[in-house]
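[1] missing the sequence, but the structure's below:
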């Protein structure tokens, strides 16, 4: 939802990769991104970037905090990465079960 809300009307891309026994799922957009210094802070409950406090975008600042808690409860990892040329990737890394 954040990628659509803040993505400046640009296409949103979903990507899945398998590597080293993990599945990494990414949501990529070309919106304004999140400054690297604030990328950890946006996972705190009720945290909003100053520029995103517009009435038109709405939201409470809980979405990414909930995602992080759910991921941690399953032993997964979640993070953000700025994209070259602008935008952001939000990724979820899931450790796949091993056979045997």
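    Good, I have the coordinates. Values in this document were obtained by computation on a predicted structure and should not be read as measured data. Residues are numbered from 1 along each chain as shown.
[2] CA atoms for contacts and neighbours, from now on please.
    Will do.
[3] Tell me where the model's unsure across this protein.
    Residue ranges of the chain with pLDDT under 70: 50-59.
[4] Now do the strands in it.
    Counting by DSSP state E, the chain has strands at residues 13-19, 22-29, 77-82, 88-95.
[5] could you say what helices and strands the shortest one packs with?
    Using 3 or more Cα pairs under 8 Å, 6 or more residues apart in numbering; DSSP states H and E as the contact definition, the elements that strand 77-82 packs against are helix 63-73, strand 88-95.
[6] To residue 81, which of those lies closest?
    strand 88-95 (5.2 Å; Cα to Cα).
[7] burial count for the residue lying closest to residue 35 once chain neighbours are set aside?
    Nearest residue to residue 35 in three dimensions, chain neighbours excluded: residue 82, at 7.9 Å (Cα to Cα, 6 or more residues apart in numbering). Neighbours of residue 82 under the rule other Cα atoms under 10 Å: 19.
[8] so residue 82 touches residue 91, yeah?
    No - contact criterion Cα atoms under 8 Å: residue 82 and residue 91 do not qualify, at 11.1 Å.
[9] Find the centremost residue of this protein, please.
    With distances taken as Cα atoms, centre = their mean, residue 90 lies nearest the centre of the chain, 2.7 Å away.
[10] who touches it in this structure?
    26, 27, 28, 78, 79, 80, 81 (Cα atoms under 8 Å, 6 or more residues apart in numbering).
[11] do you know how far residue 72 is from residue 93?
    11 Å (Cα to Cα, to the nearest Å).
[12] Hmm, I typed the wrong one, I wanted residue 16.
    In terms of Cα to Cα, residue 16 sits 10 Å off from residue 93.
[13] Between those two, which contacts overlap?
    23, 24, 25.
[14] Identify the residues contacting the residue lying closest to residue 77 once chain neighbours are set aside.
    Counting by Cα to Cα, 6+ apart, residue 93 is the residue found nearest to residue 77 once chain neighbours are left out, at 5.1 Å. Neighbouring residues of residue 93 by Cα under 8 Å, 6+ apart: 22, 23, 24, 25, 76, 77, 78.
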